[in-house]
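Visitor: task: produce atomic coordinates for the following.
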Amino acid sequence: MIPVFVWVLIAEVLLCGLSNLLFLNANSGDGSDAYRVDISRACNRIRNGDIPTPDEYEFITGIDLFDEEKIYAGCYAPVKAGDGSMYIISYNVNRNKNKGIFILNAVWAFVLALTVATVIYIEIKILKPFRDISELPLELAKGNLTVPVNEEKNRYFGRFLWGMDVLREHMEEEKEKNLVLEREKKTLILTLSHDIKTPLSAIKLYNKALSRKLYDTEEKQHEAYAGIEKNADELEAYVEDIRNAVREDFLKIEVRNEEWYMSEVIDDLNSLYKEKTAQLHTEFEIGNYDDCLLKGDRDRALEVLQNLMENAIKYGDGRRIAVTFADEEDCRLITVSNSGGEFDKKELPNLFDSFYRGSNAGKKKGSGLGLYIAKNLMKAMGGDIYAEAGDNAFAVTAVFRRG
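Guide: Below you'll find the predicted structure:
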């Protein structure tokens with residue numbers, strides 16, 4: 001397959017030839033009157049005894065005394081001076097045309113050279129580095145996180161490569177953390193599973209003894225019942241430990257403590273949902289606000305607001321979603337409200353619990369973890385979050401601390 005730049009060079013060469021042909025055709029016969037005017041003027045001056053120089057005329061190339069031994073070629077005209085001496089005027093009828101063709105071809109030569117230089121630059125600075133990193137995302141997707149990304153001082157891919165290396169290191173760290181966490185969980189669950197066998201075996205023995213009526217007195221029967229209850233309590237405690245171990249992931253939320261301008265997050269939120277809400281024919285409005293510095297993790301803050309937006313889209317009536325702002329002491333309140341989505345106010349205290357889904361969820365898909373994670377993120381950043389339900393409206397407010 002012929003590369004695109006080869007076709008470009010071929011097209012430029014063809015255009016160069018075509019422009020030369022058009023130029024020659026357009027200028028054929030041009031200049032005949034002009035060179036005759038130059039010759040006539042030169043002849044008149046010579047006849048009057050004023051011998052001019054060729055530089056004074058555009059088409060005249062030479063003015064010399066006639067020499068019988070010299071053979072004259074090309075275009076020339078004889079003229080007799082006032083003193084009887086004979087002069088030969090040499091001239092060129094195509095001087096302008098030759099000059100024009102030279103300039104035209106010089107321009108085309110520059111264009112071709114510039115094209116070749118641009119192609120070489122693109123090949124060295126863009127295409128080759130791109131080919132070198134084209135397999136990188138696939139390798140990361142396969143889990144090949146150990147090979148570092150070679151840094152290059154490339155104005156186009158230098159920052160991209162640096163970002164990919166940071167991403168690789170982050171993914172590698174997360175992989176190590178997950179492996180350690182999974183190992184700890186498996187160890188804990190295996191230990192708890194082993195410990196469960198003791199009270200479970202005791203309950204089975206008590207049950208077998210009671211079914212066979214081996215306890216012949218009421219006192220011994222009460223002791224057996226008490227033993228069953230005690231071991232059942234132990235089982236319940238072990239089950240709770242396992243449940244907490246499984247949920248441990250949700251509680252380990254890491255955030256960065258830094259300062260950032262609120263407008264950065266709001267601009268990102270607007271760019272993410274302006275087009276989406278337009279496609280859903282939902283009115284989306286962001287209220288006026290004074291920009292300010294906020295504390296916490298900028299990316300996590302955007303994650304919280306995205307979560308609130310997704311809930312507003314999913315559980316609202318699709319008519320209107322608004323983002324509004326308020327100030328309270330040293331905090332900035334950002335509220336995402338939606339129309340519709342009937343909600344029982346009695347459910348508000350449970351709304352931020354893990355795996356809890358409100359009565360308005362219906363058959364909509366969801367895990368009941370979005371607001372739970374949002375609350376933990378806000379707590380980790382030193383803020384808070386709460387929900388309010390009104391007549392045919394629902395709102396969730398994230399409270400951020402000012403910087």
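Visitor: pretty sure Val13 contacts Leu112?
Guide: Yes: Val13 lies in contact with Leu112 (CB atoms under 8 Å); the separation is 7.4 Å. Where C-beta positions appear, they are placed from N, C-alpha and C, glycine not excepted.
Visitor: who's more crowded, these two?
Guide: Neighbour count, other CB atoms under 10 Å: between Val13 and Leu112, Leu112 has more, with 15 against 12.
Visitor: that one sits in which helix or strand?
Guide: helix 95-122 (DSSP states H and E).
Visitor: now do that helix, average pLDDT.
Guide: Per-residue pLDDT values across helix 95-122 average out to 76.
Visitor: stretch 231-245: how far from the chain's middle?
Guide: Centroid separation for stretch 231-245 versus its chain: 47 Å, with CA atoms, centre = their mean, to the nearest Å.
Visitor: scratch that, stretch 107-115
Guide: That offset, for stretch 107-115, works out to 35 Å (CA atoms, centre = their mean).
Visitor: contacts only, for Asn20.
Guide: 101, 104-105 (CB atoms under 8 Å, 6 or more residues apart in numbering).
Visitor: so how far is Gly403 from it?
Guide: Note on Asn20: its distance to Gly403, by CB to CB, to the nearest Å, is 68 Å.
Visitor: got it, and Gly370?
Guide: 27 Å.
Visitor: repeat for Asn105
Guide: Taken as CB to CB, the span from Asn105 to Gly403 is 65 Å.
Visitor: tell me which other helices or strands the top helix by length along the chain touches.
Guide: Longest helix in the chain by number of residues, with DSSP state H as the criterion: helix 158-211. Secondary-structure packing of helix 158-211 (3 or more CB pairs under 8 Å, 6 or more residues apart in numbering; DSSP states H and E): helix 128-133, helix 136-142, helix 218-246, helix 248-251.
Visitor: hey, least reliable of these by pLDDT?
Guide: For those, mean pLDDT drops lowest on helix 248-251, to a mean of 50.
Visitor: that one: what's the following helix or strand?
Guide: Scanning onward from helix 248-251 (DSSP H and E), the first element met is strand 258-261.
Visitor: for that next one, name the packing helices and strands.
Guide: Using 3+ CB pairs under 8 Å, 6+ apart: strand 258-261 touches strand 293-296, helix 298-315.
Visitor: go through the first one and flag the buried ones.
Guide: Looking back up the chat, that one is strand 293-296. Neighbour counts over strand 293-296 (16 or more other CB atoms under 10 Å) mark 294-296 as buried.
Visitor: so which of those residues comes closest to Asn231?
Guide: Gly296 (47.2 Å; CB to CB).
Visitor: mind listing what the nearest residue to the closest one once chain neighbours are set aside touches?
Guide: With sequence-adjacent residues excluded and distances taken as CB to CB, 6 or more residues apart in numbering, Gly296 is closest to Met381, at 3.3 Å. By CB under 8 Å, 6+ apart, the residues touching Met381 are 255, 257, 295-297, 300-301, 400-401.
Visitor: now those as TSV including distance to Tyr386 and pLDDT?
Guide: Output for the contacts of Met381, formatted as TSV (distance: CB to CB, whole Å; pLDDT from 0 to 100):
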residue	distance to Tyr386	pLDDT
Val255	19	85
Asn257	22	87
Lys295	19	94
Gly296	17	93
Asp297	20	93
Arg300	18	90
Ala301	16	93
Phe400	13	96
Arg401	15	94
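Visitor: show me which of the residues you listed are buried.
Guide: Buried among the contacts of Met381 (16+ other CB under 10 Å): 255, 295-297, 300-301, 400.
Visitor: in a markdown table: the contacts of Asn20, plus neighbour count and distance to Ile334.
Guide: A markdown table is the format used below for the contacts of Asn20 (neighbours: other CB atoms under 10 Å; distance: CB to CB, whole Å):
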| residue | neighbour count | distance to Ile334 |
| --- | --- | --- |
| Ile101 | 16 | 70 |
| Leu104 | 15 | 65 |
| Asn105 | 14 | 66 |
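Visitor: all good on my end, thank you.
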